[in-house]
Structures are given as C-alpha cells and as structure tokens.
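Enquirer: give me the fold of what follows.
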Amino acid sequence: MITQRQTSLPPVVRLRYKEGDLIVKQGDYGISIYKIIRGKVRVFRETGKKETNLAILGPGEVIGEMAFLNQEGESRSASVRAMTDTEVEVWHPARLAKEYEQMPPVIKLIADQVLGRLMKINILIGKLGEVLQEREPIESAPETPASARKFYRKQTDLDCSYRPLSGASKATYPGRIKDISLAGIGMEVNSVTAPQVVHHLGEEFHVSTTLPNNKDVEFIAKVVDVRKSRIPGRLFLGMAYVDLSEDSRKKLGFFMMP
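Expert: Have a look, this model is predicted:
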C-alpha cells in the first residue's frame, strides 16, 4: 500500500479516450484510480481469444479501486475498454492513502473482507463465462444469431416493472422475468394491457425487479428476440443488457452463484 510521504501530491489529471480505446489492460501493473466523468466503459476478463463481460460502467463510477485496496500489489484483474468517447479523472493512490490509514480499524477490516469477497465473485463470474459460454443454454426461446446465449441462465419467475425509453411517457408496466443471466433476461409481457408499447426488436426498456434474496436491481435492456407466448395476448422478449450498474452486477453475481 502506498503511503502519503510527499508534501506535494501528484496532480489530478483528466484523460480522454475514443470509442474502442483500451483504458486498462488485464495483466498490466498499475496503481492509478479512474473516475468516469462522461461516457461508458466495458469491464471484461480475457482468456485466450475470448472475452467475458463483467460490467458496464458510466459517469460517477470508479475503475481500478482494487489496485488501491489490494495491498498485495497484484496486476490488473480485468481489462476496461471505452464503449463511447470517454473522459476520466485519474487519481494517484497517494491522494487517498492518508484518509484510508485514518479509517477506524474495524472499518478497514470490513473493507478488506468486502474486497476479498468481491475478488472471488469476479473470478467466479469470469470462470462461469469461460466454462459455460460454449454450452447449450436453457432453452426458453428459439436461438437466433442476434440472441445466441453465451452465459449460464437461471430459470426464474420474478415480478418486474418496465418502461420504454422511447417516447416522453414515464408510465411503467408489469412483466415477469422467466430467466436471467449475466448477459440478459427473458421477460414475458402482456401486450393486451400495454397496447401503446412497442415491443419490437431493438427497443430499449428500463427494467427493475427484486431478486429472491430481496436485492433490488435495475438496468436498461434491449430486445433481441420476440416471440408469442403460449398464453394468448402475451409476448416473450429475449433481452440483452445495455446498461448494468456495478451495484446491480454484483447483486446478480451473488444470485447466480451455485
């Protein structure tokens, strides 16, 4: 852990990345911490030529905090790539070291325990993607190139609410999540009670639900597959995450653990 021995701290700088630029490389050594000012980034683990998505982060969220909290000084555990033109604020860990060292011992102990659990979850998520992405998924909708599933899916029957992002209306509608994974969901909706909602391919919706472990999650997902349900007036939507916060990803990670 770096301690604050300098009277003058390294300045906070801002860096800009274009869409597709690599911000952090898995396996590299680095101590900088990045706060996203604008834009969106994808966090992923690499195994050979395969990539396993871990999270999509946006403004206000932080990258590289493990480099500061992990006193072992290990290499970066994941890569980060800009999904859009992105601006980040770069902090040297010396700026946080003094505040960290002044934390009460019990708070530091809790932080260390949470870090250890988070690292295990990230490793598990990576292994799930690596080991199971070639397996046949649980089939709840016909497979198409656009909706081909590469992640383990868990069958569920969860109440949820959703609202379309297109249009000015903020009205929400009920739905049921029939399966869920770290890549997306399968959601059943009643097209009769929501005739004004367009459920076409490419439409994006804000979805919120409560997992069986009483954790609330919300995300933005895009329709990648549509088919009629066996129940008249209902549709089954295969949806892929477009925006999933770090907090919701962690909650899903706990829920998806065997």
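Enquirer: pretty sure residue 252 is in a strand, no?
Expert: No: under DSSP: H, G, I helix; E, B strand; the rest coil, residue 252 sits outside any strand and is assigned helix.
Enquirer: burial measure for it, as a count.
Expert: 22 (other CB atoms under 10 Å). Glycine gets a C-beta too; all of them are placed from N, C-alpha and C.
Enquirer: okay, now the domains of this structure?
Expert: With domains defined by automatic domain parsing, the chain comprises 13-132, 154-256.
Enquirer: does residue 77 touch residue 45 like I think?
Expert: Yes: between residue 77 and residue 45 there is a contact at 7.5 Å, judged by CB atoms under 8 Å.
Enquirer: got CSV for the domains of the chain, with mean pLDDT too?
Expert: CSV is the format used below for the domains of the chain (pLDDT from 0 to 100):
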stretch, mean pLDDT
domain 13-132, 79
domain 154-256, 88
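Enquirer: which parts of the stretch 101-250 of the chain are helices?
Expert: For the stretch 101-250 of the chain, the helices defined by DSSP state H, counting those that start in this stretch occupy 105-132, 246-256.
Enquirer: which residues does residue 113 contact?
Expert: If you count contacts by CB atoms under 8 Å, 6 or more residues apart in numbering, residue 113 has none.
Enquirer: what's the answer for residue 83, then?
Expert: For residue 83, the contact set (CB under 8 Å, 6+ apart) comprises 19, 39, 40, 41, 42, 56.
Enquirer: now name the helix or strand holding the residue nearest the centre of the chain.
Expert: By CA atoms, centre = their mean, the chain has its centre lying nearest to residue 55, at 2.9 Å. Using DSSP states H and E, residue 55 sits within strand 50-57.
Enquirer: pull out the buried positions in that strand.
Expert: Of the residues in strand 50-57, 51, 52, 53, 54, 55, 56, 57 count as buried by neighbour count, 16 or more other CB atoms under 10 Å.
Enquirer: which one of those is nearest residue 198?
Expert: residue 56 (24.0 Å; CB to CB).
Enquirer: which residues does that closest one bridge with?
Expert: Going by DSSP bridges, residue 56 is paired in beta bridges with residue 42.
Enquirer: same question, residue 220
Expert: Applying DSSP bridges, one finds that residue 220 bridges with residue 206, residue 243.
Enquirer: burial of it, as a residue count?
Expert: Neighbours of residue 220 (other CB under 10 Å): 16.
Enquirer: check contacts around it.
Expert: 165, 204, 205, 206, 207, 241, 242, 243, 244.
Enquirer: highest neighbour count among those?
Expert: residue 205 (26 neighbours).
Enquirer: and it, how far from residue 156?
Expert: 17 Å (CB to CB, to the nearest Å).
Enquirer: also residue 62?
Expert: In terms of CB to CB, residue 62 sits 30 Å off from residue 156.
Enquirer: my read is that residue 171 contacts residue 163, right?
Expert: Yes: using CB under 8 Å, residue 171 makes contact with residue 163 at a distance of 6.3 Å.
Enquirer: more neighbours: which of these two?
Expert: More neighbours surround residue 163 than the other of residue 171 and residue 163, with 16 against 10 (other CB under 10 Å).
Enquirer: shouldn't residue 243 be in contact with residue 40?
Expert: Yes: using CB under 8 Å, residue 243 is in contact with residue 40, at 7.4 Å.
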